[in-house]
Structure formats: structure tokens, C-alpha cells
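Student: Only the shape, not the letters, is given here:
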């Protein structure tokens with residue numbers, strides 16, 4: 001059997017943390033260096049992505065897989081917002097459902113990669129999907145330690 005699935009399971013927190021660092025780095029690069037003004041939906045996506053970097057960083061340092069239960073909802077909700085934002089850009093009729101009335105319109109597309117299919121919300125969606133998939137993979141089975149026990153096995157206290 002290939003060691004690759006075990007590698008992703010064992011280091012799921014680290015890989016998810018790296019993906020979140022890249023996502024936040026790209027987000028900050030696009031807004032601070034390229035001067036792209038984020039729309040409302042971009043801000044909501046950031047609200048869900050930015051804490052993931054801190055939480056997964058601390059969890060990776062302490063090798064605490066219990067954080068997955070708390071980070072997973074942030075990633076899923078952020079992914080849903082990204083999916084809606086991407087669909088709003090690809091299907092113009094959705095922009096009329098909840099129109100952006102202040103600032104940059106949410107249907108605005110700064111990137112025009114591959115004919116407009118790869119946009120900023122698409123990249124955010126990919127990041128949220130990767131983080132979610134890695135965390136679910138890491139949740140399935142904890143990494144074995146030197147004694148062969150897994151992290152997610154509960155310590156059984158003796159009966160009194």
C-alpha cells in the first residue's frame with residue numbers, strides 16, 4: 001500500500017496550515033500590493049480564513065488534532081461563501097439577488113485567467129476545499145506515536 005495517504009493523514013494539520021498561509025498571503029498581496037479593493041463577500045471569506053491560519057498554526061505546533069472540530073466549520077462556511085461568490089461572478093443573474101450597494105461590486109472580476117474561469121473567489125474556494133479535505137482526512141485517524149497508539153484514542157480512566 002502506498003505511504004502517501006498515511007503521510008497526508010499524519011501531517012494533515014501542517015498541510016492545511018500551509019494552504020491557509022498561502023491563501024492569506026495571496027489575499028494580502030492582492031489587496032495591499034496590487035491594490036485590488038475587496039468586495040463585501042471577499043471580506044466575509046477573509047473573516048473565515050484569517051483565524052484558520054492562527055488556529056492551525058497553534059494546533060500544528062502542539063500537534064493537537066482536537067482543533068479540527070473547531071476549524072472545520074470555519075472552512076466549510078468560508079467555502080460556501082466562496083462558492084456563492086464564484087457563482088455570482090459566473091452567473092450574472094445571481095448578482096441581482098443580493099446586489100452590492102456600497103463599494104466594489106461582488107460580481108467584479110480582477111483576475112481574468114483562463115477566460116475568466118479562475119477568479120479570486122475561485123482561488124479562495126480551492127483553498128477552503130483543500131483545507132476541508134485535509135482536515136477531514138486528518139480527523140479520520142490520528143497519527144500513530146512511537147508506541148503505535150493514535151492521537152484520537154481516549155485515555156480510559158480506571159473505575160473507582
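Tutor: Here it is on my side, so go on. This structure is a prediction, so every number in the text was calculated from the model and none was measured.

Student: For the protein, name the helix or strand with the lowest mean pLDDT.
Tutor: helix 4-10 (a mean of 74; mean pLDDT, DSSP states H and E).

Student: Packing partners of it?
Tutor: If contacts are counted by 3 or more C-beta pairs under 8 Å, 6 or more residues apart in numbering; DSSP states H and E, helix 4-10 sits against helix 120-140. C-beta: built from backbone N, CA, C; applies to glycine.

Student: how about the nearest residue to residue 8, chain neighbours excluded?
Tutor: Among residues not flanking residue 8 along the chain, residue 137 sits closest, at 5.6 Å (C-beta to C-beta, 6 or more residues apart in numbering).

Student: my guess is residue 23 contacts residue 46, does it?
Tutor: No. Shown here, residue 23 and residue 46 do not form a contact pair, counting by C-beta atoms under 8 Å, at 9.4 Å.

Student: Please read off the pLDDT at the residue most central in space within the chain from the model.
Tutor: The residue lying closest to the centre of the chain (C-alpha atoms, centre = their mean) is residue 128, at 3.0 Å. Confidence at residue 128, expressed as pLDDT, is 98.

Student: Then residue 11?
Tutor: pLDDT at residue 11 comes out at 87.

Student: From residue 95, how far off is it?
Tutor: 40 Å (C-beta to C-beta, to the nearest Å).

Student: Same question for residue 119.
Tutor: 13 Å.

Student: neighbour-wise, which of these two wins?
Tutor: residue 119 (21 against 16; other C-beta atoms under 10 Å).

Student: give the contact list for that one.
Tutor: 86, 89, 109-111, 113 (C-beta atoms under 8 Å, 6 or more residues apart in numbering).

Student: sorry, back to before: same drill for residue 23 and residue 46, tell me which one is more crowded.
Tutor: Taking other C-beta under 10 Å, residue 23 and residue 46 do not tie; residue 23 has more neighbours (24 against 19).

Student: Show the contacting residues for that one.
Tutor: Going by C-beta under 8 Å, 6+ apart, the list of residues near residue 23 reads 49, 123-124, 127.

Student: Low-confidence stretches in the protein?
Tutor: 1-5, 98-101, 141-160 (pLDDT under 70).

Student: Run through the helices of it in chain order.
Tutor: For the chain, applying DSSP state H gives helices covering 4-10, 12-28, 40-62, 68-90, 120-140.

Student: sorry, back to before: quick one: the least confident helix or strand of the chain to chain centroid distance?
Tutor: 19 Å (C-alpha atoms, centre = their mean, to the nearest Å).
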